[in-house]
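S.K.: Quick one, structure for this:
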Amino acid sequence: MSKILIIADHLNGTLNASTARAVTCASQLSPEAIEVLVLADDGAAIAAEAAQLDGVTKVLHADNAANAHPIAATLTPQIVAAAKDGGYSHVLCPNTTFGKDLMPRVAAKLDVAMVTDIMAVHGDYAFDRPIYAGNAIITVKAPEDQILVASVRCASYAEAAGGGNAAVEALSLDAELPTHTRFVGLEQHKSDRPDLQTAPKVVSGGRGVGSEENFKIIYDFADKIGAGVGASRAAVDAGYVPNDMQVGQTGKIIAPELYMCFGISGAIQHLAGIKDAGTIVAINKDEEAPIFEVADIGLVGDLFKIIPE
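M.R.: Numbering: from 1, shown residues only. Here you go, the predicted model:
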């Protein structure tokens with residue numbers, strides 16, 4: 001039986017949906033207990049959200065003024081202390097930007113290897129994870145005599161249901177926090193559109209859109225159908241959109257119910273980011289574009305004529 005600690009991913013006082021996906025993964029590990037750790041300056045409200053997730057047995061929140069901004073160097077020693085004091089067999093975190101930055105440090109401080117991007121569970125210590133930019137899947141087995149530190153591929157798991165009523169406890173951690181790293185500022189792209197990583201519908205544009213100004217047609221179409229907006233790496237590199245909109249192996253891995261892409265040829269790294277999408281619709285003027293090999297619905301034509309029509 002496993003005792004699992006999940007590190008909550010949250011921002012601006014709200015729990016990220018990726019945490020609920022990590023709970024779903026943890027529930028497949030025959031857990032004795034699934035506990036969530038919230039590290040914040042005042043995490044009571046976030047902890048209350050986490051307590052409603054089905055399968056969670058306890059939520060711990062360690063409040064510290066140093067946690068006002070999620071800096072990996074500051075959070076790591078606290079997680080290490082919690083992992084050791086709590087007797088956990090597994091420490092999991094969503095494989096979001098937050099988790100990618102944080103969990104390798106945690107593994108290093110615990111002196112264990114890390115399993116990244118879990119996409120399927122075969123046992124308490126056996127998992128599937130992608131390799132070669134998502135072109136192959138490998139099954140790995142971790143040592144059973146040490147704490148397992150891992151990140152969860154959010155696109156592979158549904159969000160845990162609500163309706164839970166886990167106990168919430170304040171936690172005091174004896175951890176020495178470093179002073180060599182400090183928070184300066186956060187530059188964040190803000191949008192009223194659905195979050196790219198959790199939206200059920202996503203519309204993306206590629207280099208074929210042509211310019212930053214032309215991307216307006218993608219935004220307008222997405223707004224009409226209530227979709228999140230993404231982009232290919234080529235569109236980001238060309239300066240059409242901010243890099244936090246990039247979809248792909250080196251961007252965001254997503255799994256919407258509907259994925260529509262315009263002017264995207266279908267590079268390997270982009271396909272790796274959308275492989276778990278429900279229905280893929282592609283529009284490109286090049287009938288030989290690789291995107292048509294994976295699309296459920298493909299249309300060869302000029303996106304600037306097709307979208308308005």
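S.K.: make it CA atoms for all contacts and neighbour counts henceforth
M.R.: Fine.
S.K.: Just the element for the nearest residue to residue 242 once chain neighbours are set aside, please.
M.R.: Excluding its sequence neighbours, the residue lying closest to residue 242 (C-alpha to C-alpha, 6 or more residues apart in numbering) is residue 236, at 6.2 Å. For residue 236, the host element (DSSP states H and E) is helix 233-237.
S.K.: for residue 59, same thing?
M.R.: Per DSSP H and E: strand 58-63 holds residue 59.
S.K.: which is the next helix or strand following that strand?
M.R.: Moving on from strand 58-63 towards the C-terminus, the next helix or strand you reach (DSSP H and E) is helix 72-86.
S.K.: Identify each of the helices in the stretch 1-150 of the chain and give its residue range.
M.R.: 17-26, 44-51, 72-86, 97-110 (DSSP state H, counting those that start in this stretch).
S.K.: Identify all contacting residues around the third one.
M.R.: This means helix 72-86. Helix 72-86 has contacts (C-alpha atoms under 8 Å, 6 or more residues apart in numbering) with 5, 39, 66-67, 91, 101-103, 105-106, 109-110, 173-178, 181.
S.K.: still on that earlier bit, now the helix holding residue 236: average pLDDT?
M.R.: Across helix 233-237, the average pLDDT comes to 95.
S.K.: Just checking: what are the partner strands of the helix or strand following that helix?
M.R.: Heading C-terminal from helix 233-237, the first helix or strand you meet, by DSSP H and E, is strand 258-262. For strand 258-262, the paired strands and their directions (DSSP bridges) are strand 201-205 (parallel), strand 279-284 (parallel).
S.K.: Next, the buried residues of the helix or strand following the longest one.
M.R.: Which is strand 279-284. Downstream of strand 279-284, the next assigned helix or strand under DSSP H and E is helix 291-294. For helix 291-294, the neighbour count (16 or more other C-alpha atoms under 10 Å) marks 291, 292, 294 as buried.
S.K.: Which one of the residues you listed is nearest to residue 218?
M.R.: Nearest to residue 218 among the buried residues of helix 291-294, counting by C-alpha to C-alpha, is residue 291 at 17.9 Å.
S.K.: residues contacting that closest one?
M.R.: The contact partners of residue 291, by C-alpha under 8 Å, 6+ apart, come to 264, 265, 266, 267, 271, 282.
S.K.: Quick one: buried ones out of those residues?
M.R.: Looks like those have 264, 265, 266, 271, 282 buried, using 16+ other C-alpha under 10 Å.
S.K.: Same list, these, but as CSV with pLDDT please.
M.R.: Shown next, in CSV, are these (pLDDT from 0 to 100):
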residue, pLDDT
264, 96
265, 94
266, 92
271, 92
282, 96
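S.K.: returning to what we had before: let me have the helices of the stretch 1-150 of the chain in CSV, adding mean pLDDT and mean neighbour count as columns.
M.R.: Converted to CSV, these look like this (pLDDT from 0 to 100; neighbours: other C-alpha atoms under 10 Å):
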stretch, mean pLDDT, mean neighbour count
helix 17-26, 95, 26
helix 44-51, 96, 22
helix 72-86, 95, 19
helix 97-110, 95, 19
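S.K.: May I see those arranged in JSON lines, with distance to residue 243 as well?
M.R.: Compiled in JSON lines, the helices of the stretch 1-150 of the chain are given as follows (distance: least, C-alpha to C-alpha, whole Å):
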{"stretch": "helix 17-26", "distance to residue 243": "20"}
{"stretch": "helix 44-51", "distance to residue 243": "28"}
{"stretch": "helix 72-86", "distance to residue 243": "21"}
{"stretch": "helix 97-110", "distance to residue 243": "12"}
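S.K.: Residue 259 is nearest to which of the ones you listed?
M.R.: Closest to residue 259 of these, according to C-alpha to C-alpha: helix 17-26, at 19.0 Å.
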